[in-house]
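1. Sequence plus the predicted model coming up.
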Amino acid sequence: MPLRYMHTPSEVLCLDDVQATADLVCAYCRRLTPELDFTPV
């Protein structure tokens, strides 16, 4: 997520970017199935 002045008292980000990121993560999680295996090969 793009932001300015990370780890400072004046950190700045766009709330639309936060919402879009949350929507993207939720959409990804909804597509997960029990058969999906994240075990490294």
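-> Perfect, thanks for sending it.
2. Contacts for the helix or strand of the chain with the lowest mean pLDDT next, please.
-> Least confident helix or strand of the chain, by mean pLDDT, DSSP states H and E, is strand 3-4 with a mean of 92. By CB atoms under 8 Å, 6 or more residues apart in numbering, the residues outside strand 3-4 that reach it are 11-13, 17. Quick note: C-beta positions are derived from backbone N, CA and C, even for glycine.
3. out of those, who has the most neighbours?
-> Highest neighbour count within the contacts of strand 3-4: Leu13, with 14 neighbours (other CB atoms under 10 Å).
4. For the nearest residue to it once chain neighbours are set aside, the count of nearby residues, please.
-> Distances taken as CB to CB, 6 or more residues apart in numbering place Leu3 nearest to Leu13, at 3.9 Å, with adjacent residues excluded. The number of residues packed near Leu3 is 11, by other CB under 10 Å.
5. Kindly report the same for Pro40.
-> 4.
6. pLDDT score assigned to it?
-> Per-residue pLDDT puts Pro40 at 95.
7. Confirm it sits in a helix?
-> No - according to DSSP: H, G, I helix; E, B strand; the rest coil, Pro40 belongs to no helix; its state is coil.
8. Make TSV out of the contacts of strand 3-4 and add secondary structure and pLDDT.
-> Formatted as TSV, the contacts of strand 3-4 follow (DSSP: H, G, I helix; E, B strand; the rest coil; pLDDT from 0 to 100):
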residue	secondary structure	pLDDT
Glu11	coil	94
Val12	strand	96
Leu13	strand	94
Asp17	helix	94
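9. Having no further points to raise, I will conclude here.
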